[in-house]
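*Asks:* I'd like to go over a predicted model; first the sequence, then the structure.
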Amino acid sequence: MMGRISVGWRGWLLVGTLVSSMPGASVANDVRLANMAQDLELLKTQVANLQLEVKDLQRENRHLRATIAAGAVSGNGTRESFRSYQETMDRKLDDFRRVITSSNEVHKEKLLKEINRKLTDLAGQTKIQFDALAKALSAPQRPASPPSVPHPKTGIVYKVQKGDTLSGIARNNKSKVSWIKTANDIIVDTALQAGEDIFIPQDN
């Protein structure tokens, strides 16, 4: 007994050619077979494209997971990664919907089930990453400590006036900006507030 033979779309075209050469074959049969071959080829292309899209999403998901695990981004960087990933997901899902809408009705149910399965798997993976991102964004960002610069232990206490700058205070009191920043744990030059007392190191 001969085994079952799998016939691809080219096989269907060959069958269509043979049938059309037989006496009494109708034009309708030729058209039907040609349409079937075209539909099968279209479905094959659509599934291949969807597989590429899913692989892209999975690759982006792995990159995002590695970024979170390494803790190598700042708060703003994490937000940007989160926003970019959301936009990518939305775009890919829109592509999936367009493919489903344009698919032949005969193949739509099978194609929809396959896509839903892949999206469900991907959603389970990305939920963990979204939760990690939300946790990272809600955590207070600790400012980086200013670089430690040796400074004199002697000096004066100065009350900051409106319009004061670190460079001006240092110049008027024979000190250095780096000394003042280190002695008072000042990270950015604009952190001065009028009315606060700061220690100004002076080299006697």
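*Replies:* Arrived safely.

*Asks:* for this structure, what spans make up the strands?
*Replies:* 155-159, 197-201 (DSSP state E).

*Asks:* format these as a markdown table; extra columns: distance to residue 187, mean neighbour count and mean pLDDT.
*Replies:* (C-beta placed from N, C-alpha, C; glycine too.) Below are the strands of the chain laid out as a markdown table (distance: least, CB to CB, whole Å; neighbours: other CB atoms under 10 Å; pLDDT from 0 to 100):
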| stretch | distance to residue 187 | mean neighbour count | mean pLDDT |
| --- | --- | --- | --- |
| strand 155-159 | 19 | 13 | 93 |
| strand 197-201 | 14 | 18 | 92 |
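
*Asks:* for residue 51, which of those is the nearest?
*Replies:* strand 197-201 (62.6 Å; CB to CB).

*Asks:* could the strands of the chain be laid out in TSV, adding distance to residue 119?
*Replies:* What follows is the strands of the chain, written out as TSV (distance: least, CB to CB, whole Å):
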stretch	distance to residue 119
strand 155-159	62
strand 197-201	57
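
*Asks:* nearest to residue 49, of the ones you listed?
*Replies:* Checked against CB to CB, the stretch from those lying closest is strand 197-201, at 63.3 Å.

*Asks:* and that closest one, which strands flank it?
*Replies:* strand 155-159 (antiparallel) (DSSP bridges).

*Asks:* what lies in contact with the strand it pairs with?
*Replies:* 169, 173, 175, 183, 195, 196, 197, 198, 199, 200, 201, 202 (CB atoms under 8 Å, 6 or more residues apart in numbering).
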